[in-house]
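Engineer: A predicted structure for the sequence below; I have some questions about it.
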Amino acid sequence: MHRWLSLGLLAFACGGSSGQPIRQPGVPSTCSTIVDFPGCDQGASSYACSAGRPDVTTAGSGDGLACSGGEVFGSDTTYFCCIEVTTALAGCAPLQLAGCADASIALSCTGDTAPGSAEATLACSAPMSGSAGADIYCCTTGVIPSACMQEPSLACTGYGIGYDCSGSATPGDDNAAVTCTAANGSAANGDTEFCCAPT
């Protein structure tokens with residue numbers, strides 16, 4: 001009997017029998033981790049919230065998270081995609097930006113910090129002027145086919161991110177959270193150029 005009691009206590013302590021989703025410290029109790037949010041990949045965390053946001057707690061901070069604007073599912077649940085604001089992104093802060101939607105994450109960065117260069121898991125739009133000299137970016141953690149690579153020199157409008165792809169591949173093949181259109185012309189090596197923006 002003592003053995004089963006010990007096992008039961010161990011399962012409860014580890015969350016094995018409670019059935020409660022695991023939350024990162026500091027994330028509001030109204031938010032729980034979920035397995036999949038399309039376009040939220042490469043180590044980013046997905047959350048479902050019945051109220052509030054994962055990066056805004058009662059203390060006013062979000063445990064070092066930067067999250068997407070939120071996508072509403074059903075009548076009372078909003079999905080968020082979040083990344084940790086690492087030391088590489090120390091010059092950046094999250095913000096909510098209309099049009100940088102679904103799993104895309106908006107960042108306001110100062111100094112020389114370009115999030116797409118500082119963090120390998122991010123692909124970001126060209127910088128747009130923000131307040132107080134900050135640059136505004138719309139970034140995605142979505143995966144792209146191996147036949148594609150980001151092309152920062154490609155001039156895409158709005159929150160579009162430029163890519164070069166070989167063969168018949170497109171950047172949206174593995175990322176349902178973006179819509180891609182062929183850019184004007186082709187790359188010098190014969191690859192197809194695309195501009196991809198949040199769906």
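Structural biologist: Yep, it's here.

Engineer: all helices for this protein, in order.
Structural biologist: If DSSP state H is used as the criterion, the helices of the chain fall at 2-14, 115-118.

Engineer: And the ones you listed, which one averages the lowest pLDDT?
Structural biologist: Among the helices of the chain, helix 2-14 carries the lowest mean pLDDT, at a mean of 35.

Engineer: so where's this structure uncertain?
Structural biologist: Along the chain, segments meeting pLDDT under 70 span 1-25, 57-63, 184-188.

Engineer: Please enumerate the strands of it.
Structural biologist: Taking DSSP state E to define them, one finds strands in the chain at 31-34, 45-49, 65-67, 71-73, 77-84, 92-94, 105-109, 123-124, 128-129, 135-140, 148-150, 161-165, 178-186, 192-198.

Engineer: wait, which of these is closest to Val56?
Structural biologist: Among these, the nearest to Val56 by CB to CB is strand 65-67 (8.6 Å). All C-beta atoms are positioned from the backbone trio N, CA, C, and that covers glycine.

Engineer: Burial check on Val72, number of neighbours?
Structural biologist: Around Val72 sit 9 other residues, with neighbours defined as other CB atoms under 10 Å.

Engineer: And the spatially closest residue to it that is not a sequence neighbour, how far from Tyr159?
Structural biologist: Leaving aside its sequence neighbours, Val72 sits nearest to Thr78 (CB to CB, 6 or more residues apart in numbering; 5.3 Å). Distance, Thr78 to Tyr159, using CB to CB, to the nearest Å: 20 Å.

Engineer: More neighbours: those two, which one.
Structural biologist: Between Thr78 and Tyr159, counted using other CB under 10 Å, the more crowded position is Tyr159 (25 against 21).

Engineer: check contacts around Gly130.
Structural biologist: If you count contacts by CB atoms under 8 Å, 6 or more residues apart in numbering, Gly130 has them with 108, 136.

Engineer: Which positions within stretch 147-164 qualify as buried?
Structural biologist: Within stretch 147-164, the residues scored as buried using 16 or more other CB atoms under 10 Å are 147-148, 150-151, 154, 156, 159-164.

Engineer: now stretch 27-43
Structural biologist: Neighbour counts over stretch 27-43 (16+ other CB under 10 Å) mark 27-28, 31-32, 34, 37-41 as buried.

Engineer: so how far is it off the chain centroid?
Structural biologist: Stretch 27-43 sits 10 Å away from the centroid of its parent chain (CA atoms, centre = their mean, to the nearest Å).

Engineer: Now do Ala90: how many residues are near it, please.
Structural biologist: 13.

Engineer: That one touches Pro115, doesn't it?
Structural biologist: No: using CB atoms under 8 Å, Ala90 is not in contact with Pro115, being 10.9 Å away.
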